[in-house]
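[1] Predicted model and sequence follow; I will ask about them next.
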Amino acid sequence: MIGTMLQQTFIITTFVMGMMIIIEYINVQTRGLWSDQIQHSPFFQIILGSLMGIVPGCLGSYTMVSLYIHRIVMFPAIVATMIATSGDEAFMMFSLFPATALKLNIILFVIAVVSGIIIHFTVKNRFIGLKGHSDLPLHDHALECHPITPSHSVENIRNLSFTRALLIGGVVGILLMLLTGVIDGSHHLNTLMGKESAIVHDLGHDHDHSHDHAAFEHSGEEPAAVHDHSGEADWIKYSLIGIFLVILFIIISVKEHFLQEHLWQHIIKKHFAKIFLWTLGVLLVIYFLNEYVDLRSWISDNLWVVLALVLLIGIIPESGPHYIFVLLFAQGLLPLSLLLASSIAQDGHGTLPLLAETPKGFAAVKIANLIVAFIAGAAGILIGW
């Protein structure tokens, strides 16, 4: 059991970390988007905030919080951002069920835009919690923050730092495990596609397949027992190979500043252990709960209680506790409406700088988020979605 859990956790964590590195690279490379014209168009602010929100991770929400604190964008835009964002959980959703994650993000974007427009016309205070301009700076636009220098790759290899060597060795090792089948692309990776039967089989337990179709009714997928999902597992394997080839290029070509400050300090040291431990912990909790409680039946019989838990946990300005809802949905135990409510209610770490700067503004944003999340979740429960 532990070996299978560790392999699942390792695959999820490496996929999530890989996507985070690529997103960080793209975001820093395309810096300089902002203009004073943003201040004069509240509707553009809402659209921008919604777009920044659906960018996986917290960089988009961090950016919008910084703009809000500087009074460049207004309250409706920051609410739209936090409704749209799923924090680091977005990386996990795109790793486990990419097609559904894409649909979910489109829905989040629409809800965020509509909510932002409603708030624009109903809330008079455009800068709740702000008393003046803050000294909190936006990200430095210094030249060393622009990472792409492929022509310096040879020089980077010649003057190899310990951090760069460690990262190159780690990525090459992962690629070799994928290519040689140490990370199995046809069996164990099926457990990442939410196939409870595969997970239970791996852990050495019998499984009653009579409820398999019902378990996946909300996503339209066939259960593993009645349909071959090796193609989906291969998709994950090839995606991992592609992602880590891109990461290898990034690690070899970027400047030392980007490597140390962005990749090592901001992403790997800050996120890797947390994502790994939270994922492993949630998988263990789900496994042991399934041993003693029929989670599928309990959740289906207590949807309103689960919605209340979604909203309460959504208050926490932290990525991690929300992983349980992602993994419950991936295993067919949670309806899409409650995953949507969770995605609306939680903001990852995006609201932490807002909480530090203006607790009143943080509270106002969370209240707006929770109201929208309740409406979305309740509507889904009532219509059976």
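    The structure has been received and is ready for your questions.
[2] low-scoring pLDDT stretches of the stretch 101-250 of the chain, where are they?
    When the per-residue scores of the stretch 101-250 of the chain are filtered using pLDDT under 70, the ranges that remain are 132-151, 183-236.
[3] Can you name the residues in contact with the helix or strand hosting residue 48?
    Assigned by DSSP states H and E, residue 48 belongs to helix 42-54. Contacts with helix 42-54, where a contact means Cβ atoms under 8 Å, 6 or more residues apart in numbering, come from 37-38, 60-61, 63-64, 73-74, 76-86, 90, 105, 108-109, 112-113, 116-117, 120. No exception for glycine: its C-beta is placed from N, CA and C like everyone else's.
[4] just the angle between the helix or strand following that helix and helix 42-54, please?
    For helix 42-54, the following helix or strand on the C-terminal side (DSSP H and E) is helix 59-69. For helix 59-69 against helix 42-54, the angle between stretch directions is 150 degrees (axes from the mean of the first three to the mean of the last three Cα atoms, to 10 degrees).
[5] Are there helices or strands packed against the helix or strand just after helix 59-69, and which ones?
    Elements were assigned by DSSP H and E; along the chain past helix 59-69, the next helix or strand is helix 75-84. Based on contacts counted as 3 or more Cβ pairs under 8 Å, 6 or more residues apart in numbering; DSSP states H and E, the elements that helix 75-84 packs against are helix 42-54, helix 59-69, helix 98-122, helix 359-383.
[6] Please name the residues that touch residue 358.
    Residues touching residue 358, when contacts are defined by Cβ under 8 Å, 6+ apart, comprise 69, 128, 129, 130.
[7] how many neighbours does residue 308 have?
    13 (other Cβ atoms under 10 Å).
[8] just residue 176 next, same as before
    By other Cβ under 10 Å, neighbour count at residue 176 equals 11.
[9] rewinding a little: now, of the contacts of helix 42-54, which are buried?
    Applying 16 or more other Cβ atoms under 10 Å to the contacts of helix 42-54, the neighbour count classes 38, 60-61, 63-64, 73-74, 76-86, 90, 105, 108-109, 112-113, 116-117, 120 as buried.
[10] Mean pLDDT lowest where, among the helices and strands packed on helix 75-84?
    Looking over those, mean pLDDT reaches its minimum on helix 59-69, with a mean of 79.
[11] Can you flag which of the contacts of residue 358 belong to helices?
    When those are checked against helices (DSSP state H), the matches are residue 69.
[12] TSV for the contacts of residue 358, including distance to residue 375 and neighbour count?
    Conversion of the contacts of residue 358 to TSV gives the following (distance: Cβ to Cβ, whole Å; neighbours: other Cβ atoms under 10 Å):
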residue	distance to residue 375	neighbour count
69	28	24
128	21	20
129	24	18
130	27	19
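[13] just the contacts of residue 358 now: which is nearest residue 162?
    Closest to residue 162 out of those is residue 69 (36.7 Å), distances taken as Cβ to Cβ.
[14] looking at it, the closest one is touching residue 357, isn't it?
    Yes: counting by Cβ atoms under 8 Å, residue 69 sits close enough to residue 357 to count as a contact (5.4 Å).
[15] which SS class is residue 318?
    The assignment at residue 318 comes out as coil when based on DSSP: H, G, I helix; E, B strand; the rest coil.
[16] Quick one: the helices in the stretch 201-350 of the chain, in order.
    Using DSSP state H, counting those that start in this stretch, the helices found in the stretch 201-350 of the chain span residues 212-215, 230-253, 256-257, 269-292, 295-301, 303-314, 323-330, 336-345.
[17] Minimum distance to residue 18: which of those helices has it?
    With Cβ to Cβ, the closest approach to residue 18 among the helices of the stretch 201-350 of the chain belongs to helix 230-253: 4.2 Å.
[18] residue farthest from the centroid of this structure?
    For the chain, the C-alpha farthest from the mean C-alpha position belongs to residue 158; by Cα atoms, centre = their mean, that distance is 36.0 Å.
[19] how far away is that one from residue 109?
    45 Å (Cβ to Cβ, to the nearest Å).
[20] give me the number of residues near the nearest residue to residue 60 once chain neighbours are set aside?
    Closest residue in space to residue 60, ignoring its immediate chain neighbours: residue 52 at 3.4 Å, by Cβ to Cβ, 6 or more residues apart in numbering. Other residues within reach of residue 52, judged by other Cβ under 10 Å, total 24.
[21] quick one: residue 52 and residue 305, what's the gap?
    33 Å.
[22] what do you get for residue 99?
    Between residue 99 and residue 305 the distance is 29 Å, computed by Cβ to Cβ.
[23] ok, residue 24 touching residue 58?
    No: with the criterion set as Cβ under 8 Å, residue 24 and residue 58 do not qualify as a contacting pair; they are 10.5 Å apart.
[24] what about these two, which has more around it?
    When residue 24 is set against residue 58 and neighbours are counted by other Cβ under 10 Å, the residue ahead is residue 58, at 23 against 19.
[25] Does residue 19 touch residue 243 like I think?
    Yes: assessed by Cβ under 8 Å, residue 19 is found in contact with residue 243 at 6.8 Å.
[26] shared neighbours, those two?
    Counting by Cβ under 8 Å, 6+ apart, residue 19 and residue 243 have no contacts in common.
[27] If you tally nearby residues, what's the number for residue 291?
    9.
[28] Let me know the pLDDT of it.
    The predicted local confidence for residue 291 is 74.
[29] Same check on the one 4 residues further on?
    Each residue has a pLDDT score; the one for residue 295 is 62.
[30] now residue 341
    In the predicted model, residue 341 carries a pLDDT score of 93.
[31] list the contacts for the closest residue in space to it that isn't next to it in sequence?
    Closest residue to residue 341 apart from its sequence neighbours, by Cβ to Cβ, 6+ apart: residue 377 at 3.2 Å. With contacts taken as Cβ under 8 Å, 6+ apart, residue 377 has the following neighbours: 307, 310, 311, 337, 338, 340, 341.
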